[in-house]
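Asks: Model the following, please.
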Amino acid sequence: MAATMSFTRRAISQVFTSNFVHCKRCLALGVRFKSTESQFTPPGNDESTHFGYENVSKEEKTKRVHEVFTKVAEKYDVMNDAMSLGIHRIWKDYFMQKLTPMPGTKLLDVAGGTGDIAFRFLEYMKYQDSLELSWQIPKKMKNLESWPQNPTEAEADTSSSSDEEGDGHHVTVCDINKNMLEVGQKRAGQRGLTEGISWVEGNAEELPFDSESMDAYTIAFGIRNVTRVQKALDEAYRVLKPGGRFMCLEFSEVKNPLVKNAYDLYSFQVIPALGQILAGDWNSYQYLIESIRKFPPQEEFAYMIEEAGFACVTVENLSGGIAAIHSGFKL
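Replies: Okay, here's the model as predicted:
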């Protein structure tokens, strides 16, 4: 983490000391941000939508978003560190703690190609298993005296215990972009996390899963890139079992005016330049920032979740609203 922070500081320093071309682009972007925001008009029909600040067809947005994530896949997590100074890791840790998955949970993580949420889920469950084992050992030690003497009886007891445990926990990572999934699978292999996880190429708007097949649905920093957000929410509701939980972690609307101004300055004039330096891609990271500004604010998105059928919908702002966690249940 220290190395990442140091690397990020050096990169930010490069932004302000790089050649004159970069400086001109930063200034031009600042002007573009103000003029585009004030002149922007909403789409005029159901077949158009936003790609950043551009008004494009829904098919065009799907195509462009796919191209963006194909370009940034290899550097996506490095850039997340740079964009948030590492804070996204804390947000994701808290996100998993708030989910509090139970033994045997079947989790669907959508738009999670690089595996950040899936890995946290597996590590969380592993930790919970270790706690359960630590409680079971003293209990089993006490029961040694009553352990069956007949081998057949012992085997029957073990079989019964196994049946009671049922299927283990599992996370399915679903992403529309093959490149992102490949990065995630590579990272999973490096971490030795190959059990209890599967990788599926699929669209959040048309999930390739049976209805009422999942216990929990998560999506982190992905819902704003979906072309038809309401349709994706409807699909989340469909695949969840009754009692299942929907949770979304996403960049959101900053409420404090002073923080908002500073955040806008950093977002529009620093982050795209970092994208150019770290990933060789200015435009993709400019889009990622613009997409944050075009995403519905917390209250409006909460209403959309309710429209999909979810109950007990809650919103929790993180870091003053830079990000927010939305949660709801299928009852």
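Asks: Please tell me I have it right and Leu207 contacts Arg238.
Replies: Yes - taking contacts as C-beta atoms under 8 Å, Leu207 lies within contact range of Arg238: 7.4 Å. C-beta coordinates here come from the backbone N, C-alpha and C atoms, glycine included.
Asks: if you count what's nearby, which of these two comes out ahead?
Replies: For Leu207 versus Arg238, the count of surrounding residues by other C-beta atoms under 10 Å is larger for Leu207: 22 against 18.
Asks: Next, the contact list for that one, please.
Replies: Applying C-beta atoms under 8 Å, 6 or more residues apart in numbering to Leu207 gives the contacts Leu108, Val110, Cys174, Glu235, Ala236, Arg238, Val239.
Asks: Take the residues you listed and keep only those in helices.
Replies: Counting by DSSP state H, the members of those that fall within helices are Glu235, Ala236, Arg238, Val239.
Asks: contacting residues for the first one?
Replies: Residues touching Glu235, when contacts are defined by C-beta under 8 Å, 6+ apart, comprise Ala204, Glu205, Glu206, Leu207.
Asks: got a pLDDT number for it?
Replies: Looking at Glu235, its pLDDT stands at 99.
Asks: how far away is it from Val226?
Replies: Counting by C-beta to C-beta, to the nearest Å, the gap from Glu235 to Val226 is 10 Å.
Asks: list the residues that contact both of these two?
Replies: Jointly contacting Glu235 and Val226 under the rule C-beta under 8 Å, 6+ apart are Ala204, Glu205.
Asks: a markdown table for the contacts of Leu207, including distance to Phe119?
Replies: What follows is these, written out as a markdown table (distance: C-beta to C-beta, whole Å):
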| residue | distance to Phe119 |
| --- | --- |
| Leu108 | 15 |
| Val110 | 15 |
| Cys174 | 15 |
| Glu235 | 24 |
| Ala236 | 21 |
| Arg238 | 26 |
| Val239 | 21 |
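Asks: Closest one of these to Tyr127?
Replies: Leu108 (21.1 Å; C-beta to C-beta).
Asks: Spatially nearest residue to the closest one (excluding sequence neighbours)?
Replies: Among residues not flanking Leu108 along the chain, Met214 sits closest, at 4.4 Å (C-beta to C-beta, 6 or more residues apart in numbering).
Asks: again with Ile87
Replies: Distances taken as C-beta to C-beta, 6+ apart place Ser319 nearest to Ile87, at 6.4 Å, with adjacent residues excluded.
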